[in-house]
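A.B. asks: using only what follows, build the 3D model:
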Amino acid sequence: MIQMSWFSNIINKNKNNGNIFDPSRRWIHFSNGLISDLEDISQSIWITDSNWFEMWFLGVEERLGLTLGKRLIQASSDSFEYFLIFNKVQIPKNKDIGNWTKLHEDWRHRNLGNFSLYSVDAKITKLLITDYANLYITIGYLASAFEYINNARYKFQWNDSESSIILSFELTNQFFPLPSKSKNFSHNFSEIKKIHNSELWDMLSIQDDGMWYIHNSRKMIVTSDLFFRFEGLCLPFLKKIDFSGSNNYDWGIKDDMKSLWWSASADSARELFISSAYHILIREDSDWIKVGQKHLSMYGLGKITHAESLDKYGEIIFQLETSFHLSLSCGILLACWERAYGKKGKLILTSDENDFFVKISNSLDAVNPQY
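C.D. replies: As a prediction, this is how the structure comes out:
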């Protein structure tokens, strides 16, 4: 296989240079609960299970009553094209994307899969993607890279199976503007302490095909830039809709459509966490700090700095220093609370100049407080 040959060459090259592939060298944990990209230091990233992300995405679609695959492709394409341009990533002189070592290495770090040139004729170029982590993200990333290396715009279509994608490109004269900087939360990590999250990285394993796993879970990297672009591209298509549990989220946002998207994202994350059957044991408020470290900070979703019970029935307020995206952090935090207390919860989000505050309480009446 071409992919195996390429990966073997990279491994041998790294061995000869005394280097061993280690994704923790690029994805840097910081003491504020976020993870930064060493090659784009202002960007925070989320280390997520590829299957978990797929289920989260489907859950968002279900709650919003929309098909959002094209939105995720566009967000991925715009995000990666901006990354390539902003960082002035060098391309091979022969413009052969199959031999673009820098791009192969980037995909390896992001754990997206493998790609190679499949066929070329007078009008159409086809690329093969194998072992892909996510259909829409890999298509968006590779499409933007193909346009970047050729300095041209292309129409593309794909055929996919469970393990591979054939991505076909045809040159077009249509004009598409370059992506602008997204309006996401960029972070200044210069004064934040770097830490090594041994609980995560000590469980790293790398397969012969180059894919890496943690706790036997295939991981993938999602950047904050991609995530916020995806949210922004979804908003114009939303319509007012109520789904089961939508009233359990108060974001304090004036934009009803953004509030709806956040609720769908949070509730999908909450449901997935509940179904995973994690055990959350809370004896005192300080135990929540450890819960935040295990389920938020370890994967770059943020940090709980304080937790304070407000009554004897489980009502509590959390103080968050940071968040990759509040819908994910709050959805998982709500699920942790529901697992700990065996009750259906609701949350209210507020903030000041420095921190976010999440108040969680029982959403049901006292007569029937259980699930």
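A.B. asks: buried ones in the helix ranked longest in the chain?
C.D. replies: Taking DSSP state H as the criterion, the chain has its longest helix at helix 256-275. Counting neighbours by 16 or more other CB atoms under 10 Å, one finds that the buried residues in helix 256-275 are 257-273. The C-beta positions use only the backbone N, C-alpha and C, and glycine is treated the same way.
A.B. asks: same question for stretch 323-343.
C.D. replies: By 16+ other CB under 10 Å, the buried positions in stretch 323-343 come out as 323-341, 343.
A.B. asks: and that stretch, C-alpha only, in PDB?
C.D. replies: C-alpha atoms of stretch 323-343 as PDB (Å, rounded to 0.1, in the frame of the first residue of the first chain):
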ATOM      1  CA  SER A 323     -13.600  26.800  27.800                       C
ATOM      2  CA  PHE A 324     -12.900  25.400  24.400                       C
ATOM      3  CA  HIS A 325     -16.600  26.000  23.700                       C
ATOM      4  CA  LEU A 326     -19.100  26.500  26.400                       C
ATOM      5  CA  SER A 327     -21.700  24.300  24.900                       C
ATOM      6  CA  LEU A 328     -19.400  21.300  25.100                       C
ATOM      7  CA  SER A 329     -18.000  22.100  28.500                       C
ATOM      8  CA  CYS A 330     -21.400  22.800  30.000                       C
ATOM      9  CA  GLY A 331     -23.100  19.800  28.400                       C
ATOM     10  CA  ILE A 332     -20.500  17.400  29.800                       C
ATOM     11  CA  LEU A 333     -20.500  19.200  33.200                       C
ATOM     12  CA  LEU A 334     -24.300  18.800  33.300                       C
ATOM     13  CA  ALA A 335     -24.000  15.100  32.500                       C
ATOM     14  CA  CYS A 336     -21.400  14.700  35.300                       C
ATOM     15  CA  TRP A 337     -23.900  16.400  37.700                       C
ATOM     16  CA  GLU A 338     -26.700  14.100  36.600                       C
ATOM     17  CA  ARG A 339     -24.500  11.000  37.000                       C
ATOM     18  CA  ALA A 340     -23.500  12.200  40.500                       C
ATOM     19  CA  TYR A 341     -26.900  13.000  41.800                       C
ATOM     20  CA  GLY A 342     -29.200  10.700  39.700                       C
ATOM     21  CA  LYS A 343     -31.400  13.700  38.800                       C
END
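A.B. asks: quick check: mean pLDDT of that stretch?
C.D. replies: Mean per-residue pLDDT for stretch 323-343: 97.
A.B. asks: in the stretch 1-150 of the chain, which spans are helices?
C.D. replies: Using DSSP state H, counting those that start in this stretch, the helices of the stretch 1-150 of the chain run over 2-16, 50-64, 69-86, 101-110, 135-150.
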